[in-house]
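> I need the structure of the sequence given here:
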Amino acid sequence: MKRFALLEIAAIFFLTEVRIWRLDRLGIITALATALPILFVCLSWKKSGDNFKTLGLTPENFKKDLLLISAITLLFWIVIASIALIFNPEFLKQENLVLKFCFHFLGYFFWALLQNLWLNGYFVNRLSQAIKNPKIVSVIAGLLFAIVHLPNPVLFPVTLIGGIMSAHFFQRNRNLYILALSHAILAVSLLYFFPDSWHHHLTIGPGFYIFKFK
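Residues are numbered from 1 along each chain as shown. Prediction:
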């Protein structure tokens, strides 16, 4: 089981990387690169007997770690805002900043939920089958999450730390919603507080190199 789980993880991660680095103009490759990882993960969930509870979609105790995660999110938000105030104070002059932030956050939350489902519902669950040490599982999951965000120099370190922490708390509380909420707040903050010249509008893969500044 341990060897199979590790091989399965490697295969899914490879397919995920193909999905990220695909050639967008080739429709068939794009469709296959998108569909294959989803198909394999769904089959894996079925084979492993996963359910909404193990995937973190129906947490038993929604309040568990809520205050701690909220405090950590606030701390990281203060760090992001402080860096922005020092190196990019112009972000405060953006028109309708608060309104744009709120609308973008509402939409991004669902994308953050899907990312956390992929990271924790699949990779953390499968890694836990092969590795019995939760700390090692968290580090490996965070590293995989960060690699997917290459070559972005801002997102790589941020997602490394965020991925490790997300995996850690997921193993404690099985609550994707609070993790997605924290993820969305910090990601949208990076988008609006840091200049595009730093993160190319949070693009990853080939899109980072071909990003066109407005």
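> how far away is residue 114 from residue 63?
When distances are taken as C-beta to C-beta, to the nearest Å, residue 114 and residue 63 turn out to be 24 Å apart. Where C-beta positions appear, they are placed from N, C-alpha and C, glycine not excepted.
> which one's more surrounded, those two?
Neighbour totals were compared for residue 114 and residue 63, and residue 114 leads with 13 against 10 (other C-beta atoms under 10 Å).
> immediately after the helix or strand harbouring that one, which helix or strand?
Residue 114 belongs to helix 97-116 when elements are defined using DSSP states H and E. Tracing the chain past helix 97-116, the next element assigned as helix or strand by DSSP H and E is helix 125-130.
> quick one: average pLDDT of that next one?
Throughout helix 125-130, pLDDT has a mean value of 93.
> and that helix, what does it pack against?
Other elements packing on helix 125-130 under the criterion 3 or more C-beta pairs under 8 Å, 6 or more residues apart in numbering; DSSP states H and E are helix 2-20, helix 27-48, helix 134-148.
> which residue is most remote from the mean position of this structure?
Most distant residue from the mean C-alpha position of the chain: residue 93, 28.7 Å away (C-alpha atoms, centre = their mean).
> need the contact list for that one.
Counting by C-beta atoms under 8 Å, 6 or more residues apart in numbering, residue 93 touches no other residue.
> per-residue confidence at it?
For residue 93, the model assigns a pLDDT of 94.
> distance-wise, check it relative to residue 192.
Here the distance between residue 93 and residue 192 works out to 12 Å (C-beta to C-beta).
> next one: residue 135
To residue 192, residue 135 is 33 Å away according to C-beta to C-beta.
> do the same with residue 103
The separation that residue 103 has from residue 192, given C-beta to C-beta, amounts to 11 Å.
> list the buried residues of the helix holding residue 114.
Buried positions in helix 97-116, judged by neighbour count with 16 or more other C-beta atoms under 10 Å: 101, 105, 108, 109, 112, 113, 115, 116.
> how many neighbouring residues does the nearest residue to the fourth one once chain neighbours are set aside have?
With C-beta to C-beta, 6 or more residues apart in numbering as the measure, residue 184 is the residue that lies nearest to residue 109, at 4.4 Å, once sequence neighbours are left out. The local packing count at residue 184 equals 22, with neighbours defined by other C-beta under 10 Å.
> buried residues in the host helix or strand of residue 184?
Assessed by DSSP H and E, residue 184 sits inside helix 176-193. Applying a neighbour-count criterion of 16+ other C-beta under 10 Å, one finds 176, 178-193 buried in helix 176-193.
> cool, and stretch 123-142?
Along stretch 123-142, the positions that meet the burial threshold by neighbour count (16+ other C-beta under 10 Å) are 123-131, 134, 137-142.
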